[in-house]
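> predicted model and sequence follow; I will ask about them next.
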Amino acid sequence: MSDMLEVSDLRVTFGGRGRRRKGGLAAVDGVSLRVAPEETLAVVGESGSGKTTVARCVVGLQRPDSGSVTFDGQPLGPAGRRPPELQRAIQMVFQDPRSSLNPRMPVAELIGEAWRTHPASAPAGDRAEALRRVLADVGLDADVADRRAGDLSGGQCQRVSIARALAVGPRLLVCDEAVSALDVSVQAQILRLLVDLRRSHRLALLFISHDLGVVHQIADRVAVMRRGTVVEEGPAGEVLGAPRHEYTRTLLDAALDLGVEA
Ligand SMILES: Nc1ncnc2c1ncn2[C@@H]1O[C@H](COP(=O)(O)OP(=O)(O)OP(=O)(O)O)[C@@H](O)[C@H]1O
């Protein structure tokens, strides 16, 4: 399958002096990744390894120092400068839905806001029916539409975040630690939902996580990041089952010590 998302030799430095950012921190240091249509690539690694920075470059929230991000072969600039159809095609689900959703806004308005931002995806006909359908897609009852985000549980909130992303018709969901803030049982439900949506909506996922147990359940391929670089990448079964890099083995051992089955 040919690649839909291609990240090539990405570099991001924070701090430092001058144009070359001398003395700065190379948060991402020559990362290349690819994601095919309907594929799930998990990016794993310890805290601070650069996973979120890569994700932010993909959605256009972070400008890289160098390197490129392309989608269907088209170069992607910063979020505001992307053609609307590409802006829509790549949506992000954040770690903490309670801070990514305005708690005072009713769910119907949160979804409506997504449709206003991406008018091409707004329903032409019955809005209430379209809203009911998008909520049903994420396992929420229609009556959630009138409730404020702040009055929902963490799991319900994350379902709303996913609904908001889905409402605009994405082809790639970038999930940055999207289940990490949830209780283990809710985590399993949201993972199941993502797996189902991937199939029903023909989505690709770029799934950022530090949790190898979670990654094991969802990934087709895994890229392991350490200190801003990808140290190992391959099919999930190989990377998690027979890792080649010592760092991946260390991560797996640490996960096993915590009782996680990776
Ligand atoms: N806006 C920023 N300004 C300065 N340094 C930053 C910024 N964003 C990230 N960093 C630094 O870049 C490095 C990579 O951070 P990043 O958040 O991408 O890692 P991560 O693997 O996603 O970690 P975590 O799982 O803890 O979010 C870290 O050392 C972090 O402190």
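Ah, there it is. Every value quoted in this text rests on a predicted model; they were computed, and no experiment measured them.
> okay, Gln189 and Arg198: tell me how far apart.
Gln189 sits at a distance of 15 Å from Arg198 (criterion: CB to CB, to the nearest Å). (C-beta placed from N, C-alpha, C; glycine too.)
> those two: which is more packed in?
Arg198 (19 against 16; other CB atoms under 10 Å).
> hang on, that one packs against Glu38?
Yes. In this structure, Arg198 is within contact of Glu38 by CB atoms under 8 Å, at 6.9 Å.
> joint contacts of these two?
Contact criterion CB atoms under 8 Å, 6 or more residues apart in numbering; residues shared by Arg198 and Glu38: Ala204.
> so how far is Ser68 from Glu46?
From Glu46 across to Ser68, the span is 26 Å (CB to CB).
> the ligand contacts on the stretch 1-150 of the chain?
By CB under 6 Å from any ligand atom, the residues of the stretch 1-150 of the chain that approach the ligand are 14, 25, 27, 45, 47-53.
> among these, who's most crowded?
Tallying neighbours with other CB under 10 Å puts Lys51 at the head of these, with 26 neighbours.
> give me phi/psi at that residue?
Lys51 adopts backbone torsions of phi -60, psi -50, taken as degrees, to the nearest 10.
> skipping its backbone neighbours, what lies nearest it in space?
For Lys51, ignoring the flanking residues on the chain, the nearest one in space by CB to CB, 6 or more residues apart in numbering is Ile208 at 4.6 Å.
> need the contact list for that neighbour.
Here Ile208 is in contact with 42-43, 51-52, 54-55, 174-177 (CB under 8 Å, 6+ apart).
> re the thing from before, farthest-apart pair in the residues of the stretch 1-150 of the chain next to the ligand, please.
Phe14 and Gly45 (16.9 Å; CB to CB).
> in the helix or strand of the chain with the lowest mean pLDDT, what counts as buried?
Counting by mean pLDDT, DSSP states H and E, the chain has its least confident helix or strand at helix 97-100, which shows a mean of 81. Residues of helix 97-100 classed as buried: 97-98, 100 (neighbour count, 16 or more other CB atoms under 10 Å).
> try stretch 144-158
By 16+ other CB under 10 Å, the buried positions in stretch 144-158 come out as 144-145, 147, 149, 152, 154-158.
> farthest-separated two in these?
Maximum pairwise distance in those, criterion CB to CB, is 18.8 Å, between Ala145 and Gly154.
> quick revisit: what's the ChimeraX line that selects buried ones from the contacts of Ile208?
Command for ChimeraX, covering only those of those found buried under the criterion 16+ other CB under 10 Å:
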select :42,43,51,52,54,55,174,175,176,177
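> from the contacts of Ile208, which land in helices?
The helices, defined by DSSP state H, take in 51-52, 54-55 from the contacts of Ile208.
> nearest to Leu251, of these?
Nearest to Leu251 among these is Lys51, at 12.5 Å by CB to CB.
> phi first, then psi, for the residue of the stretch 101-250 of the chain found nearest the ligand.
Closest residue of the stretch 101-250 of the chain to the ligand, CB to the nearest ligand atom: His210 (5.4 Å). Backbone geometry at His210, expressed as degrees, to the nearest 10, gives phi -100, psi 0.
> mind checking how far it is from Ala142?
35 Å.
> which other helices and strands contact the lengthiest helix in the chain?
Taking DSSP H as the criterion, the chain has its longest helix at helix 184-200. Where contact means 3 or more CB pairs under 8 Å, 6 or more residues apart in numbering; DSSP states H and E, helix 184-200 is packed against helix 154-167, strand 172-176, strand 204-209, helix 212-218.
> helices or strands next to the second one in the packing?
So that's strand 172-176. Using 3+ CB pairs under 8 Å, 6+ apart: strand 172-176 touches helix 51-59, strand 90-93, helix 184-200, strand 204-209.
> rounded mean pLDDT for it, please.
Strand 172-176 shows a mean pLDDT of 97.
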